[in-house]
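Undergrad: Provide a 3D model corresponding to the input given below.
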Amino acid sequence: MAVAAYASLRSWAKSLARIEQLPEDGELKVNKQQIIDLQHKVQILIHFLEALPPNQTLNSQLEALADEAKIVVTEVEMITEAEFLDQFHGENVGLSKFTHSLNAAIEDLEFFISAMKSALASDLQDKILMGVEKKAEDASDSVQGDSNSTITSSSRKETIVGLKEEKELVCEKLARNEKSLQVIMIAGMGGIGKTTLARHVFEDPKIRKLFDALMWCTVSQHYNQRGILRTLLKDEGNEENLDLGTKLYQKLHGRRYLIVLDDIWSVDPWEYVKKFIPEDDNKKSRVIITTREGEVVNSIRHHKPHISMKPLDDELSWELLRNQIFDGKEDCNEFERIGRKISKNCKGLPISLKTIGGLLSKSERKVGYWENVAEHVKQMAGDCKKILSLSYSYLPVHLKACFCYFKIYQEDTQIDVEDMLEKWIVEGFVKPIPDKPIEDAARGYMVDLVGRNLIRISEKNVFGDFKTCDIHDLLHELSQTESKKERFFYILRTFHYYGSLCGMSNSMSNLEKMVMSNAFSAEVSTTARRAFIYKTKVLDTELEPELHDFLPVPILHLWNLEIIHVKLHGSILSDHLIFPVEIWQMKQLRHLFTEGVILPKLTRENFIVLEQLQTLYTDGLTLEEEIVRRFPNLKRLKLSRKICEENPHTNIEDLVQLQSLELHGLSTFESKNILLPHLDKKLVDLKKLIMRCEEISEEQMTTIGSLPNLQVLELKTLAHEESPVAGEFPQLKVMVLEGDGIKFKGAAESSSFPKLKKLVLHNMRSVELSTILEDTSSLRSIHLFKCDKSVNELAQQVLEEQHDAAANDALEIYVDGERLILDTPDDEDDSTM
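TA: The predicted model follows:
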């Protein structure tokens, strides 16, 4: 139970730090010295658990003590919440009972500290206890600590080991001259490398060049038909399944396509998709299916090509393990003997080799340590799940908590990395680094898990940061198993809910939609369940439009709440669902997202600065001076509809911490008063700007082009009057333009767009692509959507000119999602691949 105890202690330490900062004359009354004493005891226990060796199995006495400590922390949290609830309702009966309870908690924690010291084996006492008290005395949860992991990403590049023959065979089947649709099956046990093989084939430039349309969908054990179609189409609309199927057929008809259906557990998903794809076009189209299920193989293989994945031999196993640990320049001779022993006992399973390799790459390079790992692996006799569990057991306790958190996500889900990191932070899992943003520490945790091959990065954004990630289904199963074993989800404070939050006593069954639905047993009282709402730190909910009230309690009573994400179903702006004005008094808020729900108008009364607020996405909020001044540390701002009304000055330039700004529905007046000439001198950290406006002048565009660190620009104008693209754009990497009125001004100057990599144009009737290409060797792709035929023809001409002149061989051009391919003599016979 050490992981759950650690996570609970970290979360409570974060709450205690906020309680300590409550104003003396505020609504909530506490004994500050008691809170300080509690913090000290909690910090000692935190450092105690952090100091335990990662692979140390706690004896039964320590396990029991850790579990009891978690219970005490949970109880004192409940007592505190109950006391605050009474104070909120004006039912304060005096602090004597509350003070007594806190004193009892302090004594209990002191007992656990003493008992844990006594329960340690003698050979561990000095190692673990040395400096723990000193560290706890010096620790202040808001400023002390370290990341416990490197922030820099591993430089190791994923290589394909042992799959050369299989890849060549799949590529040969894809390139054959058979004109009818062919299905290639890749089968094998979980973790054998099926997805890795399919992905390497799918991303091979020579293969991609053969097909007009390429689609990938990870199906998994639990799927829905609509989800498969939407993934294949990259569609986020609301069409019915039949409409999506028709759209898929129309997109593929008359084209040569390659579809990958990864990780299917029954033949049903294939039978469903097959109804909507053309099979008789004689276009040499192909489908790749990966599966671990023999039933699927038997249903298809009798008339389709079939590739069976085999475990790696001993030599390839060592090569894969070595590649995970050493960068090719390091001398590994000292570790080769024991390394080969470890790799052999992984029985040729790539996922086992990668996770053990990730473990060893993050550990000290000592033969004795490797011998210890080798002995553990040998005892597992090649059992994949046990080997993965071993990798988990060697994690530091702070990473175990983060790994267990993956349980809340569905299998094979693409996870938004920044969203997940923020939830780690608000749950209290992340220990701040002195003089650095806590987000850096959270990213360090993520980098560490990736480096250990427990998490896979799916996509990076234009800034080079992790954008989305996923987790192998065997490792996802491990996160579920360990979470259940640890009873980890008793301590989470994340609340996902669909529908009204009113009348909790009448809607307890809906609490199953909460992330920690397994925390409550049937006999737990409604009062206790209701109290959980007051402890919520993350509120993520979607509401029905007919609601007139949606909060179960006064919003100020949710004093732990740090992330609010409230969306009205259908994203229609409500005229009656309005947050209470007290939301602007929630000093702990870090991220506020509202879609369709109105935020109240701010006034100069009760002026409170929300120093923690970093993200604000909402509708209908005007950028008046008294609003801007309340958010001094805002980094991400998205506003829709009324931005500044008749106010002649928006003060947006005072949001000097802004990194991302998104403004929708700007009138000509509003864009003029936002894009002021001196904006580039104030918003020096702005990296991303998205604007939807009526029109934009050359002067305003020059202001945008002068922003020193702008890397992403998305601009849409509605007017047909000319809006010239002017300015230097020194750091711009991605530019998205929509609107026929947008024009590039004359010939591009040599200093314009020096780092542009991606250009996206929507609804253009004419455009001078050559203007951008004159001195833009960095450009890698141009994407045209719903542009005039003449623009598409010009794109083909530009591609040919660039190729003939060898000016930019890396340039790719896409028209409505499909890549333009040059006809060359080498392409005349596909079967020669």
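Undergrad: For the rest of this, base every contact and every neighbour count on C-alpha atoms.
TA: OK.
Undergrad: What is the neighbour count of residue 419?
TA: 11 (other Cα atoms under 10 Å).
Undergrad: biggest helix in this structure, by residue count?
TA: Secondary structure of the chain per DSSP state H: the longest helix is helix 60-88.
Undergrad: Contact partners for the spatially closest residue to residue 600 that is not a sequence neighbour?
TA: Once flanking residues are discounted, residue 600 sits nearest to residue 581: 5.4 Å by Cα to Cα, 6 or more residues apart in numbering. By Cα atoms under 8 Å, 6 or more residues apart in numbering, residue 581 lies in contact with 599, 600, 601, 602.
Undergrad: Narrow those to those that are buried.
TA: Buried members of the contacts of residue 581, counted by 16 or more other Cα atoms under 10 Å: 599, 602.
Undergrad: could you measure residue 106 against residue 682, distance?
TA: 49 Å (Cα to Cα, to the nearest Å).
Undergrad: pLDDT at residue 499, what is it?
TA: At residue 499, the model reports a pLDDT of 35.
Undergrad: Make 497 the starting number, not 1.
TA: With the count now opening at 497, the last piece we talked about shows up as residue 995.
Undergrad: what about the strands in the stretch 847-996 of the chain?
TA: Secondary structure of the stretch 847-996 of the chain by DSSP state E, counting those that start in this stretch: the strands cover 911-912, 952-956, 962-966, 990-994.
Undergrad: ok, now the stretch 547-696 of the chain?
TA: So, for the stretch 547-696 of the chain - with DSSP E, counting those that start in this stretch - the strands run 678-683.
Undergrad: if we can go back for a sec, quick one: list the elements packing against the longest helix of the chain.
TA: Judged by 3 or more Cα pairs under 8 Å, 6 or more residues apart in numbering; DSSP states H and E, helix 556-584 is in contact with helix 498-516, helix 592-615, helix 1022-1030.
Undergrad: quick check: mean pLDDT across the shortest one?
TA: What that stands for is helix 1022-1030. 51.
Undergrad: Likewise for the second one?
TA: Per-region confidence: helix 592-615 scores 81 on mean pLDDT.
Undergrad: Same question for the first one.
TA: Averaged over helix 498-516, pLDDT sits at 83.
Undergrad: now it, how far from the chain's geometric center?
TA: 24 Å (Cα atoms, centre = their mean, to the nearest Å).
Undergrad: picking that back up, which among the helices and strands packed on helix 556-584 is found nearest to residue 669?
TA: helix 498-516 (48.7 Å; Cα to Cα).
Undergrad: can you list the residues that contact the closest one?
TA: With Cα under 8 Å, 6+ apart, helix 498-516 has contacts from 528, 531-532, 534-535, 538-539, 541-542, 545, 559, 562-563, 565-566, 569-570, 573, 637-638, 893-894, 896-897, 923-925, 982-987, 1056.
Undergrad: try 6 Å this time
TA: 562, 566, 897, 923, 924, 925, 982, 984, 987 (Cα atoms under 6 Å, 6 or more residues apart in numbering).
Undergrad: where does the stretch 697-846 of the chain dip in pLDDT?
TA: Across the stretch 697-846 of the chain, the ranges flagged by pLDDT under 70 are 731-738, 777, 797-801, 824-826.
Undergrad: now the helices: where do they sit in it?
TA: 701-704, 721-729, 737-748, 764-770, 790-796, 810-821, 829-841, 846-857 (DSSP state H, counting those that start in this stretch).
Undergrad: Next: the stretch 997-1146 of the chain.
TA: 1022-1030, 1121-1124.
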